[in-house]
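Participant: model this:
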Amino acid sequence: MMQITAVLVEPSARGHVVLSNVEAPAARPGEALVRVHATSLNRGEIRGAGQGAPGRRIGWDFAGVVERAADDVPGPAAGTRVVGMLRTGAWAELIAAPVEALAVLPAGVDFARAATLPVAGLTALYGLDRAHGLLGRKVLITGGTGGVGHFGIQLARLGGAQVVATVRRQEQSKLVRDAGAHEVVLGDDKKTIHAAGPFDHVLDGVGGNTLAGALASLARNGSAVIYGATGGAEVPFDARAFYPTAGASLYGFILFHELLSNPAGIGLARLARLLEDGRLRAPIAVEGKLAEIGDLAQRLEDRAFTGKAVVHFL
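Facilitator: So this is what the prediction gives:
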């Protein structure tokens, strides 16, 4: 059996991952074999690796070339450049991927930029889609310097929204303004957040006081989507400030749940076209080779940079 290099969980290692030789995958019905050229790292993966069982396969995002097309369902032909995502195991030289999780890459989009799209881009895209229209509405994007936040600011602006973004430090303000934010809120003070509202839609990955301030600042029939809680799991929720805002709602967002009804390939095709047109920019902060993945993962966990880390396999 042919061997390939893959990334495995090792909680005690730097970045909680190591490289290892494993058996090459065999495609199941509905799957294509893809030679991976690049991936991007997500903090959730690294956090999970630190708590996971040694030897487990890991990885969500990938971009590469179809080596063998699925033989039982329509999909990209061999030699096609694609971007996609897996539930796990994408950090490997060769992977088997369901065709509905793949999108064909336009000629003008390179593998590095494409690799940033799956988790961060789809979370932003599908989270904003839940607003059911952005034109002329006010949208709050919390954690604006992260991958999801950076994509969320750009997509909300493209949708015609008035965009407000939160940052933790003053020096980060320029980054989110360059991404398209009309207004920047510094810190998680609930009064400061409230002063920037009311918000028709909120895309939140911070939680804590930031989410508390956002919920208290929703407009009538406004909606908030929460996909993470990097700033705190406990939210000081004031029910008296929430329910009188008639029609307001809070939605728990898990990307893999969203993909059950809206496959990754559909959203990735939308995002890839925006990249090709220059209407969307990939927030790449650092790039490295596969041998450096442990170091990059550790730096991501330590918040040594903002934006996305891309790993090149070739």
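
Participant: use CA for all of it now, contacts and neighbours both
Facilitator: Will do.

Participant: which residues touch residue 308?
Facilitator: Residue 308 makes contacts with 40-42, 116, 146-147, 283-286, as judged by CA atoms under 8 Å, 6 or more residues apart in numbering.

Participant: torsion angles phi and psi at the residue nearest to it when sequence neighbours are not counted?
Facilitator: Excluding the flanking residues, the one nearest residue 308 by CA to CA, 6 or more residues apart in numbering is residue 284, at 4.7 Å. Per-residue torsions, residue 284: phi -80, psi 120 (degrees, to the nearest 10).

Participant: state the pLDDT value of residue 284.
Facilitator: On the pLDDT scale, residue 284 is placed at 96.

Participant: again with residue 53
Facilitator: For residue 53, pLDDT reads 88.

Participant: could you tell me how many residues sit around it?
Facilitator: When neighbours are defined as other CA atoms under 10 Å, residue 53 has 13 of them.

Participant: that one belongs to a helix?
Facilitator: No. Assigned with DSSP: H, G, I helix; E, B strand; the rest coil, residue 53 falls outside any helix and is coil.

Participant: spit out the contact partners of it.
Facilitator: Contacts of residue 53 by CA under 8 Å, 6+ apart are 9-11.

Participant: spatially central residue for this structure, please.
Facilitator: Central residue of the chain (CA atoms, centre = their mean): residue 120, 1.2 Å from the mean position.

Participant: check which helix or strand the nearest residue to that residue once chain neighbours are set aside maps to.
Facilitator: Distances taken as CA to CA, 6+ apart put residue 148 closest to residue 120, at 4.5 Å, once the chain neighbours are dropped. Element membership for residue 148 (DSSP states H and E) is helix 147-158.

Participant: go through the contacts of residue 53 and say which is closest to residue 277.
Facilitator: residue 9 (37.2 Å; CA to CA).

Participant: quick one: contacts for that closest one?
Facilitator: 16-18, 49-50, 52-58.

Participant: quick check on these: which are buried?
Facilitator: The neighbour-count test (16 or more other CA atoms under 10 Å) applied to the contacts of residue 9 identifies 16-18, 49-50, 52, 54, 57-58 as buried.

Participant: sort out for me which of those residues are in strands.
Facilitator: Counting by DSSP state E, the part of those found in strands is 17-18.

Participant: now residue 251, which residues is it bridged with?
Facilitator: residue 225 (DSSP bridges).

Participant: that one: neighbour count?
Facilitator: By other CA under 10 Å, neighbour count at residue 251 equals 13.

Participant: host element of the nearest residue to residue 192 once chain neighbours are set aside?
Facilitator: In space, and not counting its chain neighbours, residue 192 is closest to residue 185: 7.0 Å by CA to CA, 6+ apart. Assigned by DSSP H and E, residue 185 falls within strand 183-186.
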